[in-house]
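Trainee: I would like to see how this sequence folds:
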Amino acid sequence: MRVPSIPSVARALVGWLLLAVILHVIFCNEVQLELLRDGGPEWASMGKWEQRRLAWIHGPLALWATFRLLDGVSLATAFLLCGLLVALGAWRWRQVLQEQGLSMGGRDVVRISLIAQFFNAFLLGTAGGDVIKAWYAARSCPNQEGAAAVTVFVDRLLGMLGLLVVAAVLVIDHWHLVQDFQRFQVVALTLLLMLMAALGLLVAGFYTRLLEQGGWISRLAERIPHGTSALRALATCRQLGRRPWFLVRMLALSAAIGIVVALTYVVLARGLGMTVDASFIALVSLLVICIAALPATPSGLGVRENLFVWLLSIPGLSLKPGLALSLSLIAYTVNLVWSAIGGLVYLLAADRNRIQDFATKGR
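Mentor: Numbering: from 1, shown residues only. As a prediction, the model looks like this:
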């Protein structure tokens, strides 16, 4: 098995460092609240090492107590909603495959989607879930490998665009937050830049000849390993641009997936006893999901938790940071359960050894 690359290890370390920082802040906050409630010594009167010792001894117990606030019904509902997300995502990818004239059974699409989710969640190598999906698609469609592989890119692009659009609508609906809080101005600007980039890719790939051979992008791609073959595959997206109703249907489906994502967080927030407005939880969750999709750390580890605490701790909300962190961690854990199910599907796959060889060699 190949040793993970230095960039992959660095991204993983950054993610764990960010998670450790936010856990330390939460633990300190929980211990301070406990000292105030029990009439203990003032936090400011303690030394730094004493503060850290108390934080990491008593903080995890206080955070666990917050976790236990979640009722079983909310957890089960969130688990089913995550399963629905897997099914809807698989259905969207199958629609893209069919639009490219490629045939793959619904059972196989769901199986591949689960395996890809496992690779995205648990592996730090260069071959992530999308690469595994592209490999499966190429193997399933002989003589059409390029078109099959590009369906993964199209599916990812349309999926992210749908999430961004729903998040943008919620930002407009909560524009007062952007006006009143600098942190929401920062995330709104980031969201806008991501939306512009996604739309730019959509227009370039679906409605222009920028990606075709002979253009300046093609000449630039010739200097990149496998760049020409990648552009040749992406240029096939233009035929999808001639079918506007297909794009409308896929964007509508992606928006529906975004709504289900937001609903999952709302259910968990209610289960944790959060009394804030449901549309506000939906806004924050989609903002975090979109920004955490940027490849800063594996699976957005650390970035996601910090953003949740940052956005849910605005003045006047009176929401404990521990609750915000619990919301993020529980939602991620539910998602990991489905990733683990994907791991079981992978272990039962007849071509498991070939997948493992492909993933570890990064071919």
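Trainee: okay, CA-based contacts and neighbour counts for the rest of this
Mentor: Noted.
Trainee: which stretches of the stretch 201-350 of the chain form helices?
Mentor: Secondary structure of the stretch 201-350 of the chain (DSSP state H, counting those that start in this stretch): helices at 216-221, 227-234, 238-241, 244-271, 278-292, 303-312, 321-347.
Trainee: Quick check, pLDDT for Val14.
Mentor: pLDDT, Val14: 58.
Trainee: Next up, the contacts around Met104.
Mentor: If you count contacts by C-alpha atoms under 8 Å, 6 or more residues apart in numbering, Met104 has them with 94, 97, 140.
Trainee: run the last query once more with 10 Å
Mentor: For Met104, the contact set (C-alpha atoms under 10 Å, 6 or more residues apart in numbering) comprises 94, 97-98, 137, 140-141.
Trainee: Then Leu199?
Mentor: Leu199 sits in contact with 157-158, 161, 193, 205, where contact means C-alpha under 10 Å, 6+ apart.
Trainee: could you redo the last one with a cut-off of 6 Å?
Mentor: For Leu199, no contacting residues are found, by C-alpha atoms under 6 Å, 6 or more residues apart in numbering.
Trainee: angle of whichever helix or strand it is part of against helix 278-292?
Mentor: Element membership of Leu199 [criterion: DSSP states H and E] is helix 182-207. Relative orientation of helix 182-207 and helix 278-292, computed by axes from the mean of the first three to the mean of the last three C-alpha atoms, to 10 degrees: 60 degrees.
Trainee: thinking again about what came up before, could I get the helices of the stretch 201-350 of the chain as CSV with mean pLDDT, distance to Leu80 and mean neighbour count?
Mentor: Conversion of the helices of the stretch 201-350 of the chain to CSV gives the following (pLDDT from 0 to 100; distance: least, C-alpha to C-alpha, whole Å; neighbours: other C-alpha atoms under 10 Å):
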stretch, mean pLDDT, distance to Leu80, mean neighbour count
helix 216-221, 60, 43, 15
helix 227-234, 57, 35, 18
helix 238-241, 70, 32, 17
helix 244-271, 91, 9, 20
helix 278-292, 93, 18, 21
helix 303-312, 84, 22, 22
helix 321-347, 81, 10, 20
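Trainee: Tell me which of these sits nearest to Val166.
Mentor: helix 244-271 (6.0 Å; C-alpha to C-alpha).
Trainee: what number of residues lie near Glu42?
Mentor: When counting by other C-alpha atoms under 10 Å, one arrives at 10 neighbours for Glu42.
Trainee: What distance do you get for it to Arg53?
Mentor: Taking C-alpha to C-alpha, to the nearest Å as the measure, Glu42 and Arg53 are separated by 15 Å.
Trainee: swap in Ser103?
Mentor: Distance from Ser103 to Arg53, by C-alpha to C-alpha: 59 Å.
Trainee: Next: Ala204.
Mentor: For Ala204 relative to Arg53 (C-alpha to C-alpha), the value is 55 Å.
Trainee: Neighbour count: these two, which is higher?
Mentor: Using other C-alpha under 10 Å, the more surrounded residue of Ala204 and Arg53 is Ala204, with 17 against 13.
Trainee: residue contacts, the more buried one?
Mentor: With C-alpha under 6 Å, 6+ apart, Ala204 has no contacts at all.
Trainee: Look at it and report its pLDDT.
Mentor: At Ala204, the model reports a pLDDT of 75.
Trainee: Likewise for Leu19?
Mentor: Leu19 carries a pLDDT value of 58.
Trainee: Repeat that for Arg352.
Mentor: 51.
Trainee: Spatially nearest residue to Pro321 (excluding sequence neighbours)?
Mentor: What sits nearest to Pro321 in space, not counting adjacent residues and going by C-alpha to C-alpha, 6 or more residues apart in numbering, is Val309, at 5.7 Å.
Trainee: Surely that neighbour touches Gly322?
Mentor: No - between Val309 and Gly322 there is no contact under C-alpha atoms under 6 Å: 8.0 Å.
Trainee: Let me see the confidence value for Glu99.
Mentor: If you check Glu99, the pLDDT there is 81.
Trainee: Tell me the spacing between it and Arg53.
Mentor: 59 Å.
Trainee: Break down the stretch 51-200 of the chain into its helices, ranges please.
Mentor: Under DSSP H, counting those that start in this stretch, the stretch 51-200 of the chain gives helices at 72-99, 106-122, 129-140, 145-173, 175-180, 182-207.
Trainee: Would you format those helices as TSV with distance to Ile314 included?
Mentor: As requested, the helices of the stretch 51-200 of the chain are exported to TSV (distance: least, C-alpha to C-alpha, whole Å):
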stretch	distance to Ile314
helix 72-99	25
helix 106-122	30
helix 129-140	35
helix 145-173	16
helix 175-180	10
helix 182-207	9
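Trainee: can you tell which of these is closest to Val284?
Mentor: helix 145-173 (8.6 Å).
Trainee: Quick one: mean pLDDT over the closest one.
Mentor: Model confidence over helix 145-173, given as mean pLDDT, is 86.
Trainee: which secondary structure elements does that helix contact?
Mentor: Helices and strands touching helix 145-173, by 3 or more C-alpha pairs under 6 Å, 6 or more residues apart in numbering; DSSP states H and E, are helix 129-140, helix 227-234, helix 244-271.
Trainee: May I see those arranged in a markdown table, with distance to Ala331 as well?
Mentor: Output for those, formatted as a markdown table (distance: least, C-alpha to C-alpha, whole Å):
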| stretch | distance to Ala331 |
| --- | --- |
| helix 129-140 | 20 |
| helix 227-234 | 34 |
| helix 244-271 | 7 |
